[in-house]
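*Asks:* The following comprises the amino acid sequence and a computationally predicted model.
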Amino acid sequence: MSILVIVRHGQSEWNLKNLFTGWSDVELTVTGEHEAQHAGIVLRPYHFDFAYTSVLKRAIHTLSIILEEMQVSIPVIENQALNERNYGNLQGLDKAEVGNKYGAQQLMLWRRSFTEVPPGGESLENTYQRVVPYYQQEIEPKLRAGKNILIVAHGNSLRALMMYLEHISPEDIAHVDLATGAPRLYEFSDNLEVKSVSYVKLTAPLSDGSTLL
């Protein structure tokens, strides 16, 4: 029985500033680095054969911290298909200011609707159409072969994958969020049906007596 763990990157500089990020290549904050460390610590009991991430440095950096905390070296595959949703002309803009300019309803549609396309960007549906085929072609065969997979990516690319794995409707995905740095574990049957879904928690004190930040 194979497992898949998905992790949204740690808090980024633009998460902190409440800016639309999308494909803008921004770094983690110190808090984001701590979130990645925490994810690596809680994932220490698990074995992974391959890790996947996007080509954006906040996800790549998060993955590298996780693997360092786990004290493992495994093949890492970076692919643009796992990039965050492209927010187009909204990238770099303050979300509150966008709401003031275009209205709260339009802001919510751009952020949470499955089909609404921000100017020059992608809808979540567009993101789904690149994430899921990549997952089906590249990752599912490894899971079927009994390999364990770790994916570190972005809020919207992972929400798209959650839709596929958990059969979440376009209406219901608007109410689904994925916290930064929180590992979500999928356990599969031999025919790759999802048997269980849960967040990975720290179940025992750290052996060195230290605390998590």
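*Replies:* Now that the structure is in, tell me what you want to look at.

*Asks:* And stretch 53-69, what's buried?
*Replies:* Residues 53-54, 56-67, 69 are the ones in stretch 53-69 that count as buried (16 or more other Cβ atoms under 10 Å). C-beta coordinates here come from the backbone N, C-alpha and C atoms, glycine included.

*Asks:* could you pull out the helices for the chain?
*Replies:* Using DSSP state H, the helices found in the chain span residues 13-17, 30-42, 57-70, 95-102, 104-112, 124-134, 140-144, 155-166.

*Asks:* possible to save the ones you listed as a markdown table with distance to Asn191 and mean pLDDT?
*Replies:* A markdown table is the format used below for those (distance: least, Cβ to Cβ, whole Å; pLDDT from 0 to 100):
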| stretch | distance to Asn191 | mean pLDDT |
| --- | --- | --- |
| helix 13-17 | 38 | 97 |
| helix 30-42 | 28 | 97 |
| helix 57-70 | 29 | 98 |
| helix 95-102 | 42 | 96 |
| helix 104-112 | 33 | 95 |
| helix 124-134 | 19 | 98 |
| helix 140-144 | 8 | 97 |
| helix 155-166 | 14 | 98 |
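
*Asks:* Next one, pLDDT for the nearest residue to Ala96 once chain neighbours are set aside please.
*Replies:* Excluding its sequence neighbours, the residue lying closest to Ala96 (Cβ to Cβ, 6 or more residues apart in numbering) is Asn18, at 6.5 Å. On the pLDDT scale, Asn18 is placed at 96.

*Asks:* do Met1 as well
*Replies:* The confidence metric pLDDT takes the value 84 at Met1.

*Asks:* And His154, by the same measure?
*Replies:* Looking at His154, its pLDDT reads 98.

*Asks:* Contacts only, for the residue lying closest to it once chain neighbours are set aside.
*Replies:* Leaving aside its sequence neighbours, His154 sits nearest to Glu84 (Cβ to Cβ, 6+ apart; 3.6 Å). Contacts for Glu84 (Cβ atoms under 8 Å, 6 or more residues apart in numbering) come out as Thr21, Gly22, Trp23, Ser54, Leu56, Ala153, His154, Gly155, Asn156, Ser157.
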